[in-house]
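[1] need a structure here:
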Amino acid sequence: MSGAASGIGRASARLLAEHGARVALVDLNGAGAEEAAAQIRQAGGQAIALQGDAADEADVARVVSSAAEGVGGLNILVNNAGMAGGERASVDELSLERWDEMMRVNFRGYLLMARAALPWLARDRGVVVNNASSVAISSAPGSAHYTTAKAAVVMLTRQMAAEWGPRGVRVNSVAPGIINTGFGRPADRRDVVDDALLARHERYIPLRREGTAEDVAKVILFLCSDLASYVTGQNLLIDGGLLQMVYPMVNDTAG
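    Residues are numbered from 1 along each chain as shown. Here you go, the predicted structure:
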């Protein structure tokens with residue numbers, strides 16, 4: 001599980017452990033990963049923490065090998081590491097440095113992790129779940145670098161599903177919508193819900209609430225389980241129905 005120190009990654013690691021998985025939590029934030037792993041162990045689960053950069057090829061080879069050794073093999077990979085788009089910029093104004101950084105973390109890292117894990121996954125009819133985004137299939141003005149990286153994740157998922165299916169490996173992605181994890185909010189607003197923003201979201205999300213990390217974790221658990229044994233190459237939206245309402249939301253000037 002990459003990007004496991006917080007948010008969706010942390011919630012997913014915890015839920016998988018609750019259902020019997022031995023979990024290796026990988027994150028650039030090693031202390032955060034160890035804290036999350038310790039909580040899993042305190043709850044009776046099995047977990048180890050590994051510090052590493054999921055977008056660095058040498059680091060990936062090390063952490064994947066260490067994870068396999070530490071938990072006794074690998075039959076599930078959840079690619080969750082990522083970074084938010086940050087300051088908005090139009091396609092013509094976006095710096096190439098920012099573009100490359102986004103592609104490195106939000107796309108290249110998924111490829112590296114999956115390729116490194118494949119030898120273990122192919123031995124045990126393994127599963128890969130990639131964390132994409134609802135903006136992979138809809139635009140978000142000012143965030144071309146982020147939306148394009150997430151769209152690439154969806155296509156990579158389909159490509160791996162087609163190529164690795166004959167080797168017994170299932171590959172799917174999840175596409176979270178507005179999830180209240182603090183991801184993408186300024187550092188001084190992490191874990192804080194802005195009342196006006198929340199009211200705007202609730203007005204347009206058919207289920208009338210922001211999603212939670214646990215909402216996404218439950219879908220990831222499903223895709224990793226035998227309940228999804230004949231599901232591969234899919235991108236599952238987890239957005240409370242928001243994309244059904246995109247047109248009026250985009251044209252609303254009240255919020």
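
[2] tell me what the longest helix along the chain is packed against?
    Longest helix of the chain, by residue count under DSSP state H: helix 144-164. For helix 144-164, the packing partners by 3 or more CB pairs under 8 Å, 6 or more residues apart in numbering; DSSP states H and E come out as helix 96-103, helix 109-121, strand 127-131, strand 170-176, strand 235-238. Using the backbone N, CA and C atoms, a C-beta is placed for each residue, glycine as well.

[3] so the first one versus helix 144-164, what angle?
    Calculated by axes from the mean of the first three to the mean of the last three CA atoms, to 10 degrees, helix 96-103 forms an angle of 40 degrees with helix 144-164.

[4] what's the burial count for D226?
    8 (other CB atoms under 10 Å).

[5] now do the SS call for G240.
    Of the three states, G240 takes coil according to DSSP: H, G, I helix; E, B strand; the rest coil.

[6] ugh, typo on my part, it should be L223
    Here L223 is helix, with the state taken from three-state DSSP.

[7] hang on, isn't it packed against V127?
    Yes: using CB atoms under 8 Å, L223 is in contact with V127, at 6.9 Å.

[8] overlap in contacts, the two.
    R170, N172 (CB atoms under 8 Å, 6 or more residues apart in numbering).

[9] rewinding a little: and of the helices and strands packed on helix 144-164, who's closest to L25?
    helix 109-121 (13.3 Å; CB to CB).

[10] ok so, going back, relative to A33, which of the helices and strands packed on helix 144-164 is closest?
    Short answer: helix 109-121, nearest of the helices and strands packed on helix 144-164 by CB to CB, at 14.7 Å.

[11] what mean pLDDT does the closest one get?
    Across helix 109-121, pLDDT averages out at 97.

[12] with stretch 153-167 instead?
    Rounded to a whole number, the mean pLDDT of stretch 153-167 is 98.

[13] export it as PDB, just CAs?
    What follows is stretch 153-167, C-alpha atoms only, in PDB (Å, rounded to 0.1, in the frame of the first residue of the first chain):
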ATOM      1  CA  VAL A 153      -3.800   6.100 -14.500                       C
ATOM      2  CA  VAL A 154      -7.100   4.900 -15.800                       C
ATOM      3  CA  MET A 155      -5.700   3.900 -19.100                       C
ATOM      4  CA  LEU A 156      -2.700   2.200 -17.500                       C
ATOM      5  CA  THR A 157      -5.100   0.200 -15.400                       C
ATOM      6  CA  ARG A 158      -6.900  -1.000 -18.500                       C
ATOM      7  CA  GLN A 159      -3.700  -1.800 -20.300                       C
ATOM      8  CA  MET A 160      -2.300  -3.800 -17.300                       C
ATOM      9  CA  ALA A 161      -5.700  -5.600 -17.000                       C
ATOM     10  CA  ALA A 162      -5.500  -6.700 -20.600                       C
ATOM     11  CA  GLU A 163      -1.900  -7.700 -20.500                       C
ATOM     12  CA  TRP A 164      -1.700  -9.300 -17.100                       C
ATOM     13  CA  GLY A 165      -5.100 -11.000 -17.000                       C
ATOM     14  CA  PRO A 166      -3.600 -14.100 -18.700                       C
ATOM     15  CA  ARG A 167      -1.100 -14.200 -15.900                       C
END
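
[14] so what touches that stretch?
    Against stretch 153-167 from outside (CB under 8 Å, 6+ apart): 79, 106-107, 110-111, 114, 118, 121-122, 128, 130-132, 136-137, 169-173, 175, 232-233, 235.

[15] now do that stretch: distance to the chain's middle.
    Put simply, stretch 153-167 sits 17 Å off its chain's centre (CA atoms, centre = their mean, to the nearest Å).

[16] got it, and stretch 17-27?
    15 Å.
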